[in-house]
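[1] give me coordinates for this.
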Amino acid sequence: MKKTFRLGLTGGIGSGKSTVAGMLAECGAAIIDSDAISRATTAAGGEALPAIAAKFGPQMIGADGALDRAAMRQLVYADPGARQQLEAIIHPLVGQETDRQARAAAEQGKPLVFDVPLLVESGARWRSKVDRVLVVDCPPETQIARVMARSGLAREEVQRIIDVQASRAARLAAADIVIHNGEGVSLTVLRENVQVLANALFDAGSLGL
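    Here you go, the predicted structure:
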């Protein structure tokens, strides 16, 4: 029985990681989006909300019934311990749903792409679950410009987000494969590069799997 190929996909905020994920989906891969799964656990009715309210107080749940992301973001930036407590609540739920989606996709014979923003930060936990790690890379100034343009956040806030993520050097050191997506790389060129990569990676015979 052919082994299901598992690719770990990561990149800093504003790198274009989600765009690359979409292109890999066009190439036939199943995308397991850990960020989307995490957001679902803290949306209205999400599984993580009761534990979050118990740990941090009911004021962390907004009027819409979802996590007050602005309030929580402010708290975890100020208190690393709060970040660890939040992750202890959310990560097991994300892990369970990730495994469920991966099993369903593998049964369909699709290669799996685990879209994990904090893959490098997780250390060996994710590295041991994937066959290759793909990093989407661009210079920090490009990251800042893209995020400011799409979100309206101030430069200082974007920089703060970048600062709590793994450094560019750490991501590149963890990469088996790098796709460059800096200024001057058009969507057409990016799509061509992703297609070539997918053709090589998803051919199990070329990997000896």
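[2] give me the buried stretch members for the helix ranked longest in the chain, please.
    Using DSSP state H, we find that the single longest helix of the chain is helix 80-107. Going by neighbour count (16 or more other C-beta atoms under 10 Å), the buried part of helix 80-107 is 82-83, 85-86, 89-91, 93-94, 97-98, 101-102, 105-106. From N, CA and C alone the C-beta is placed, and that goes for glycine too.
[3] the helices in the chain, which residues?
    17-26, 34-42, 49-56, 69-78, 80-107, 124-127, 140-151, 155-164, 168-174, 187-201, 204-207.
[4] now these as JSON lines including distance to Leu7?
    Output for these, formatted as JSON lines (distance: least, C-beta to C-beta, whole Å):
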{"stretch": "helix 17-26", "distance to Leu7": "8"}
{"stretch": "helix 34-42", "distance to Leu7": "13"}
{"stretch": "helix 49-56", "distance to Leu7": "31"}
{"stretch": "helix 69-78", "distance to Leu7": "29"}
{"stretch": "helix 80-107", "distance to Leu7": "12"}
{"stretch": "helix 124-127", "distance to Leu7": "11"}
{"stretch": "helix 140-151", "distance to Leu7": "22"}
{"stretch": "helix 155-164", "distance to Leu7": "24"}
{"stretch": "helix 168-174", "distance to Leu7": "14"}
{"stretch": "helix 187-201", "distance to Leu7": "6"}
{"stretch": "helix 204-207", "distance to Leu7": "11"}
